[in-house]
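[1] Give the three-dimensional model of this entry:
(2 chains)
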Amino acid sequence: MTIESKFSKLEGEAPDPIIKTMAKFAADQSSNKIDVSIGVYKDEKLQPYLFPSIKKSKQILFENDPGHNYTSMGGIPQFINGAQRVIFGDDISNIASLQCISGTGSIHMALVFLKENQFINYYIGLPTWQNYGPMIEHIGGKLNYYKYYDEKTKKIDFESVLNTLESASPNSIFLFQTCCHNPTGSDFSQNQWTEIFKIMKLKQLIPIFDTAYQGFSSGDLTIDAWPIRYFKSQGLEFLVTQSFSKNMGLYSERVGCLHVNYQDETMKDKIQSTLVKIFRVECSFAPAYGSRIAINIFENQKLYKQWEIDISNITKRLKGIRQKILDKFQELGTPGDWSNVITQTGLFWHSGLTPQQNDKLISKYNIYSTSMGRVNIAGLNDKNLDYFVRAIDDIVRND
Amino acid sequence: MYKSQLIKQTQKQYIQSTRFLSSTCQLLKWNEIPLAPPDKILGITEAYINDSNSKKINLGVGAYRDNQGKPIIFPSVKRAEEILLQKENEKEYTPIIGSKKFQNIVKNFIFNNSGKDANGEQLIKDNRIVTSQTISGTGSLRVIADFLNRFYSNKKILVPKPTWANHVAVFKDAGLDPEFYNYYETSINDLDFENLKKSLINAPNESVVLLHACCHNPTGMDLTSEQWDEVLQIIQDKKFFPLVDMAYQGFASGKPYEDIYLIRKLTKKANENEIPTFALCQSFAKNMGLYGERTGSISIITANSNDSKAVESQLKKLIRPIYSSPPIHGSKIVEIIFEEPGLKDQWLNDLNKVVGRLNTVRSKLYEKLDKSNYNWDHLLKQRGMFVYTGLTPEQVIRLRNEFSVYATEDGRFSISGINDNNVEYLANAINEVIKK
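    Numbers count the residues shown, from 1 in each chain, chains lettered A, B, ... in the order given. Reported below is the predicted structural model:
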């Protein structure tokens, strides 16, 4: 019997392309297959990596079990305090924060918060993480795109960035990535941030610093937070969306935080109460477990030190692979300039390969990256690196 | 509730109207944001914490406390965590709508009643149930509200009067249009079933209607099986879309299976295509004590498997820009409890004990209350975590000021805050404030 459904007008949505790529990879029987697609760190054996500091913290949490009671709606205070210090260092004045559902959840709440104040005009540099667009559309924001990265020069198109900043109307929001830009791995230099700051201040623009990979650029949390601390020291209101998915490896525990930096001290209660109010009608509380693992790290000096070492070790491994890739290209004499593999930072290398070349990498060599040429460096090790570079060499020569 | 919503509306308009006048000065950028009203329950907790009276009692929070007034960890949950600690070696992303395992557990546990509901089993077999893990109860309500706002023909959502305060706030914020239907009458301390039916019949066809599966929050007063039959007939005739909120499964009888005869009736009606579609929000916050871990789900029952495919893909599209994927610690505990031999029975036993204590303390309070001044029979009809006393705001405030007994002004008492050590004190305090 067919009946009229209330949802029969619904059309299905195609799944995220990366999901398709991952499914294809899983079904691939080749022993040479390489997964460099999704943004998750793998160790030198290409296995999922549990940070030693996190493992220890889990054990401590289990032994000193605080239970699962409701926390507080703004987040667990010790977590908020620790998260603020990771981003801002010692100066955590004039910051209102909300514990959120990791990176996406923090960005979403940032957009909702700004919308409360009628700020909905967004600027996004391309290429970028593909969830930004849908997130802004979801809250009814207005999307403007500009060119961030120039495929020809394989560098940030800084002129395009400056021109866009100059032309934006007051209270427009620029969604920046603090470090390890996804997907290009190309970040602004300190000089460039300084120039950006000047225009933003003059034009009354609002930056959001999306911070998903703090520590993965330089290996040092403080150095990677430089742009945020610079903006704060210069006196500009801005938001930070912070995730511990990557730099604590807590992906599925959904640990993150939104920070609002304000100038006028008297605003604190208004901003904080607004953050709680907008979260109350979406989630009520952020999940406790992952943030408690983070609290143990924040509050135990030895563990914090270990965590810093863990991050530094990860970065060392990533930088080492990058150098080996470049060395290999030079050894093979692969046509083209491949030096951006070592100037780019973090998990990703923006290879510059075309979608066709990337398809060929899959069909001919069983190497799975994203179609835009984003390679997760952590999918490589001493065993498969040679095969990987030779494959690209072949595809570039025989295109 | 509506009053405060209206205030919010006015403030929003105010923002809009001043927007163009606002200073362009960067320093004043956030100044247009109004101070949001504090959450009432949290305010009460704060006042409670600051009270130095050693006899103080907190009846504000909807979380379980044991007979010593302490929060508990269910032993079955602790055991599951021990197993998890041993076997978990990474924390990579779970899919947008949660793991298949978690989805299947929820489907089987709730709709198939763990193998005891032939109608539910058929719905599962026919691929007519789409389940997604969510950020506990609030998150599931928010996702379904956003979903209905996008894809359902009608924005009107009928909610019982009274209902959980956050229901109205969540639905409004998502763009739906909440309207009360009659439910409880404080002057008689009882369900007002005649007016309940009348107000539903008078509501526009194809409205969404919110039903509390059991342990109605805040009144604790549920419909009988026969009353549900009548209401479901109205829902069927009016082509309403039922949205079931089930926060307290197990808290009425101590047995999760016995508490959800509304679901049994709905799976039957769905299977017979009398009420072909409905949705259910559910969480393990209360019945596993997983409050802070934010473990819950939304299930949408569709008319056929084709619709299910579309609904599932749209749910993913909806959730991805809000929070990408759900937190796993709580959902893995649920998975282990349902998978590990013996653990589920232990959990059912844990839950039964918790509910047993609440029921005992409910009877003890009833015994000690002065019935010469006030009819307290409703106490014994109400079920779950709450006593909806019917006390006036003035009486509640007197309890707070004179006796350090903290509760919300609607007269809802969370009985988990009552135990052998304070029940007498509490009863005496109540007896004082109702004295004529």
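[2] For the rest of this, base every contact and every neighbour count on C-alpha atoms.
    Fine.
[3] Could you list the low-pLDDT ranges of the chain?
    In the absence of a named chain, this looks at chain A. Under the criterion pLDDT under 70, the flagged ranges of chain A are A:1-16.
[4] wrong chain, I was asking about chain B
    In chain B, residues with pLDDT under 70: B:1-42.
[5] How is it partitioned into domains?
    Here the domain assignment for chain B is B:40-74+B:345-433, B:93-339, based on automatic domain parsing.
[6] To A:A110, which of those domains lies closest?
    domain B:93-339 (11.0 Å; CA to CA).
[7] ok now the closest one, how far from the chain's centre?
    Between the centre of domain B:93-339 and the centre of its chain there are 10 Å (CA atoms, centre = their mean, to the nearest Å).
[8] How many neighbouring residues does residue 142 have?
    No chain in the question, so chain A it is. 14 (other CA atoms under 10 Å in any protein chain shown).
[9] that answer is for a different chain, and I need it for chain B
    Neighbours of B:R142 (other CA under 10 Å): 24.
[10] Same check on A:V341?
    A:V341 is flanked by 21 other residues according to other CA under 10 Å.
[11] correct me, but it touches A:D327?
    No: A:V341 is beyond contact range of A:D327, at 10.4 Å (criterion: CA atoms under 8 Å).
[12] most packed of the domains of chain B?
    domain B:93-339 (a mean of 21; mean count of other CA atoms under 10 Å in any protein chain shown).
[13] Endpoints of that domain, how far apart?
    In domain B:93-339, first residue to last residue: 21 Å (CA to CA, to the nearest Å).
[14] same check, this time on stretch B:326-345
    27 Å.
[15] Same check on stretch B:176-190?
    Termini of stretch B:176-190 sit 29 Å apart (CA to CA).
[16] again with stretch B:147-163
    In stretch B:147-163, first residue to last residue: 21 Å (CA to CA).
[17] on that earlier part again, would you reformat the domains of chain B as JSON lines and include distance to chain A?
    Output for these, formatted as JSON lines (distance: least, CA to the nearest CA, whole Å):
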{"stretch": "domain B:40-74+B:345-433", "distance to chain A": "6"}
{"stretch": "domain B:93-339", "distance to chain A": "4"}
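[18] where's the spatially most central residue of chain B relative to A:K58, distance?
    Centroid-nearest residue in chain B: B:A247, 3.8 Å away (criterion: CA atoms, centre = their mean). Separation of B:A247 from A:K58 (CA to CA) stands at 29 Å.
[19] Same question for B:K381.
    Using CA to CA, one obtains 44 Å as the distance from B:K381 to A:K58.
[20] now do B:R142
    Going from B:R142 to A:K58 by CA to CA gives 31 Å.
[21] In space, what's closest to A:P52 - neighbours in sequence excluded?
    A:D310 (7.1 Å; CA to CA, 6 or more residues apart in numbering or on different chains).
[22] can you check A:I342 too?
    A:R322 (5.4 Å).
[23] Just list the residues touching A:S169, thanks.
    Shown in contact with A:S169 (CA atoms under 8 Å, 6 or more residues apart in numbering or on different chains): A:203, A:205.
[24] I meant B:N53, not that one.
    By CA under 8 Å, 6+ apart, the contact list for B:N53 reads B:S404.
[25] Repeat that for A:K147.
    A:125-127, A:157, A:160-161.
[26] same for chain B: which of these are within range?
    Among these, not one lies near chain B by CA under 8 Å from any CA of the partner chain.
[27] re the thing from before, save the domains of chain B as CSV, and put in distance to A:G352 too.
    Listed next are these as CSV, based on distance: least, CA to CA, whole Å:
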stretch, distance to A:G352
domain B:40-74+B:345-433, 53
domain B:93-339, 27
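[28] which SS state does the residue nearest to A:P52 fall under?
    Classification of A:D310 using DSSP: H, G, I helix; E, B strand; the rest coil returns helix.
[29] Can you name the residues that contact the residue nearest to the centre of chain B?
    B:A247 makes contacts with B:137, B:213, B:281-286, as judged by CA under 8 Å, 6+ apart.
[30] Could I get the buried residue list for the helix or strand hosting the residue nearest to A:I342?
    Using DSSP states H and E, A:R322 maps to helix A:301-332. Within helix A:301-332, the residues that count as buried by 16 or more other CA atoms under 10 Å in any protein chain shown are A:303-304, A:306-312, A:314-316, A:318-319, A:321-322, A:324-326, A:328-329.
[31] tell me what it is packed against?
    In terms of contacts (3 or more CA pairs under 8 Å, 6 or more residues apart in numbering or on different chains; DSSP states H and E), helix A:301-332 is packed against helix A:52-63, helix A:288-299, helix A:340-343, helix A:385-397.
[32] Helix or strand next in line after the third one, which one?
    Meaning helix A:340-343. The helix or strand immediately downstream of helix A:340-343 is strand A:348-350, counting by DSSP H and E.
[33] Okay, now the sheet partners of that next one, with direction.
    Using DSSP bridges, strand A:348-350 pairs in its sheet with strand A:374-376 (antiparallel).
[34] neighbouring contacts of the strand it pairs with?
    Outside strand A:374-376, the residues touching it (CA under 8 Å, 6+ apart) are A:36-40, A:183-184, A:347-351, A:369.
[35] Pull the most distant pair out of those residues.
    For these, the maximum inter-member distance is 17.7 Å, found between A:V40 and A:S351 (CA to CA).
[36] Contact residues of the stretch 101-250 of chain A facing chain B?
    So the stretch 101-250 of chain A meets chain B at A:101-105, A:108, A:116-118, A:131-132, A:134-135, A:138, A:170, A:201, A:204, A:236-237, A:249-250 (CA under 8 Å from any CA).
[37] Tell me which of those residues fall in helices.
    A:102-105, A:108, A:116, A:132, A:134-135, A:138, A:201 (DSSP state H).
[38] If any of those are buried, give me the ChimeraX selection for them.
    Here the buried members of those are turned into a ChimeraX selection, burial being counted by 16+ other CA under 10 Å:
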select /A:102,103,104,105,108,116,132,134,135,138,201
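[39] if we take the ones in helices among the residues of the stretch 101-250 of chain A next to chain B, which one ends up nearest to B:V168?
    Using CA to CA, these come closest to B:V168 at A:E116, 18.7 Å.
[40] Okay, that closest one and B:R150: tell me how far apart.
    Taking CA to CA, one finds A:E116 at 21 Å from B:R150.
[41] same thing with A:P134?
    Separation of A:P134 from B:R150 (CA to CA): 15 Å.
[42] again with A:L380
    In terms of CA to CA, A:L380 sits 43 Å off from B:R150.
[43] quick one: contacts of stretch B:266-283?
    Applying CA under 8 Å, 6+ apart, the external contacts of stretch B:266-283 come out as A:3, A:5-6, B:111, B:119-120, B:122-123, B:136-137, B:140-141, B:144, B:235-236, B:239, B:241-247, B:294-303.
[44] Okay, and which of those map to helices?
    Going by DSSP H, the helices hold B:119-120, B:122-123, B:136-137, B:140-141, B:144, B:235-236 from those.
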